[in-house]
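Student: Could you look at this predicted model? Sequence included:
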2 protein chains.
Amino acid sequence: MPDQTDAAAAAETGGIQKVFEALSSAARRKILAYLAHSSLTAGEIADRFDMSKPSISQHLGVLESAGLVRKEKRGQYVHYSIVQESLANTLNSYVQEVCPVSRPLKKESAALKDRSDADES
Amino acid sequence: MPDQTDAAAAAETGGIQKVFEALSSAARRKILAYLAHSSLTAGEIADRFDMSKPSISQHLGVLESAGLVRKEKRGQYVHYSIVQESLANTLNSYVQEVCPVSRPLKKESAALKDRSDADES
DNA sequence: ATGGTAATTAGCTTACAGCCTAAATAATGG
DNA sequence: CCATTATTTAGGCTGTAAGCTAATTACCAT
């Protein structure tokens, strides 16, 4: 198996519940949006929120246990990065399941794509 | 604008939070799975669960307010149906947002697609 | 060693989701 | 009308998610 497919597989196999639960929080979605752009340390993430570091740490824990992010300790820092495969596969599979039709995506999506995720908080 | 794009638009515009919150419950995802197959009355839905009718009614309310289902009163029955557009557009847009790469979907998805949604409860 | 910075763990509080039962509303049929 | 059935509303209980502060662990530098 290639690469970090472990996390992706975990999220898809038994973790649908955990994934959706993780995504149900605006703060966590915001974290994912940041990480989609680039990896960050726990502190850098916390700096972008008006929330205590322990709270952010907890959110990161939820995301990690859902297989949506990966952490790597480097020195005294902990770098977090997104696991795209996991999110994409889980959500795509789910849509296929519930909406078998699955049109490719309408025009609107293009517009939506532009809106920063930040303003959804 | 075509069809019942209202609900879909609502879900996409301001309701991302509501949609993900709605999807965070296994019971509600199960309801959606049933409705994906065919429309049902509130009672028919409740019959499929080991849960009181008021509780199911509440779940249906959450799904409706997220724009994921539509209700139509016919006689003394209330028929619920899924709003595919809403779910598909919201989730697809979200995936595009966070995982710009968006490969079409790997082999695994086919396998996953087969598993009944029921056993995720 | 000591002190400083990064991050997490522990412990506590509060708010609310989710479940239930009982009661209310609405439609149907005798 | 009155009884019956379908569904929702009201009200209450309980568990837990999510936030905070204080304390701990881990690492680095002097």
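Tutor: Noted; the coordinates are in hand.

Student: hmm, who's touching stretch A:39-59?
Tutor: A:25, A:27-28, A:30-31, A:34-35, A:60, A:77-82 (CB atoms under 8 Å, 6 or more residues apart in numbering or on different chains). C-beta coordinates here come from the backbone N, C-alpha and C atoms, glycine included.

Student: Return the subset of those lying in strands.
Tutor: A:77, A:78, A:79, A:80, A:81, A:82 (DSSP state E).

Student: The closest residue to the last one other than its chain neighbours and residue B:56, how far apart?
Tutor: Distances taken as CB to CB, 6 or more residues apart in numbering or on different chains place residue A:35 nearest to residue A:82, at 4.0 Å, with adjacent residues excluded. Relative to residue B:56, residue A:35 is positioned 37 Å away (CB to CB, to the nearest Å).

Student: re the thing from before, please name the residues that touch the residue nearest to residue A:82.
Tutor: Neighbours of residue A:35 in contact, by CB under 8 Å, 6+ apart: A:45, A:69, A:80, A:81, A:82.

Student: again, but for residue A:95
Tutor: A:102, B:87, B:88, B:91, B:92.

Student: With only the CA atoms kept, save the longest helix along chain A in PDB.
Tutor: The residue-count maximum for a helix in chain A (DSSP state H) belongs to helix A:84-98. Only the C-alpha atoms of helix A:84-98 are listed here, as PDB (Å, rounded to 0.1, in the frame of the first residue of the first chain):
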ATOM      1  CA  GLN A  84      -6.600  14.900   2.100                       C
ATOM      2  CA  GLU A  85      -7.200  11.300   0.900                       C
ATOM      3  CA  SER A  86      -9.100  10.600   4.000                       C
ATOM      4  CA  LEU A  87     -11.500  13.500   3.800                       C
ATOM      5  CA  ALA A  88     -12.000  13.300   0.100                       C
ATOM      6  CA  ASN A  89     -12.600   9.600   0.000                       C
ATOM      7  CA  THR A  90     -14.900   9.600   3.000                       C
ATOM      8  CA  LEU A  91     -17.100  12.400   1.800                       C
ATOM      9  CA  ASN A  92     -17.100  11.300  -1.800                       C
ATOM     10  CA  SER A  93     -18.100   7.800  -0.900                       C
ATOM     11  CA  TYR A  94     -20.800   9.100   1.300                       C
ATOM     12  CA  VAL A  95     -22.300  11.200  -1.400                       C
ATOM     13  CA  GLN A  96     -22.200   8.300  -3.800                       C
ATOM     14  CA  GLU A  97     -24.100   6.200  -1.200                       C
ATOM     15  CA  VAL A  98     -26.900   8.700  -0.500                       C
END
